[in-house]
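Asker: sequence? don't have it. structure:
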Ligand SMILES: Cc1cc2nc3c(=O)[nH]c(=O)nc-3n(C[C@H](O)[C@H](O)[C@H](O)COP(=O)(O)O)c2cc1C
């Protein structure tokens, strides 16, 4: 796979994850080793990866995820249906069913990888927040890219953060640890990923001013 294909077809894999094929811990560690080559704002913003492959823990985290996911999806689906033509309703329902299905099966994903860093930034100035999140997110994306080169798919999620404290309790996370993303990872079946449909580049690229 060349770099262009990797970059344009890695954004998310849900239904094609193979629940029955375990992912070796060492393989995930190799992805972490690649991911931490991403830029960080300084040593104090070193991202951490917490790999969860214990079935009982995954199930418990999955349940906490789904507790937030279901009402959230119901809400955004209702809003999407309200603003859409009748002809588009079936497609809207289908896509939201995928999100419900994902939450229901979160505990069966071969690995859940929580990415974050030490420190709390909610009430810090923007420069600190940007530096903190800017140090985590490239590494998390690099993890997904590295995983893809090994036949692993992943979906970026954040909805478990509605229950962040309970997830932190399950995993014994330090009190001042910021969780930024949870990647649901596993080997994928088939290999025909396509780039997503996006608006033309000119609609969000600005030259010499807005
Ligand atoms: C910051 C961020 C947070 C996200 N949180 C969630 C989430 O909690 N649950 C979820 O199902 N998808 C979430 N997504 C969306 C998926 O990762 C998304 O499905 C992925 O980008 C692939 O797009 P697609 O599903 O349209 O193919 C999030 C994406 C980003 C970038």
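Answerer: Arrived safely, thanks for sending. Note that the structure is predicted; figures quoted are calculated from it, not measured.
Asker: for the closest residue to residue 163 other than its chain neighbours, give its distance to residue 57.
Answerer: Leaving aside its chain neighbours, residue 163 sits nearest to residue 64 (4.0 Å; criterion: C-beta to C-beta, 6 or more residues apart in numbering). C-beta: built from backbone N, CA, C; applies to glycine. From residue 64 across to residue 57, the span is 11 Å (C-beta to C-beta, to the nearest Å).
Asker: these two: which has the busier surroundings?
Answerer: Per other C-beta atoms under 10 Å, whichever of residue 64 and residue 57 has more neighbours is residue 64, with 23 against 15.
Asker: residue 161 is in contact with that one, correct?
Answerer: No - judged on C-beta atoms under 8 Å, residue 64 makes no contact with residue 161 at a distance of 9.9 Å.
Asker: what residues are shared contacts of these two?
Answerer: Residues touching both residue 64 and residue 161 (C-beta atoms under 8 Å, 6 or more residues apart in numbering): residue 167.
Asker: name the residues that touch stretch 14-21?
Answerer: 98, 101-102, 105, 108-110, 153, 155, 184-190.
Asker: what residues are up against the closest residue to residue 44 other than its chain neighbours?
Answerer: Spatial nearest neighbour of residue 44, chain neighbours left out: residue 119 (7.4 Å); criterion: C-beta to C-beta, 6+ apart. Residues in contact with residue 119 (C-beta under 8 Å, 6+ apart) are 44, 45, 132, 176, 178.
Asker: which strands or helices does the longest strand along the chain pack on?
Answerer: The residue-count maximum for a strand in the chain (DSSP state E) belongs to strand 177-187. The contact analysis (3 or more C-beta pairs under 8 Å, 6 or more residues apart in numbering; DSSP states H and E) places strand 177-187 against strand 111-118, helix 126-149, strand 152-157, helix 164-171.
Asker: the closest residue to the ligand within the chain: neighbouring residues, count only.
Answerer: Relative to the ligand, the nearest point of the chain is residue 12 (2.7 Å; C-beta to the nearest ligand atom). The tally of other residues near residue 12 (other C-beta under 10 Å) stands at 16.
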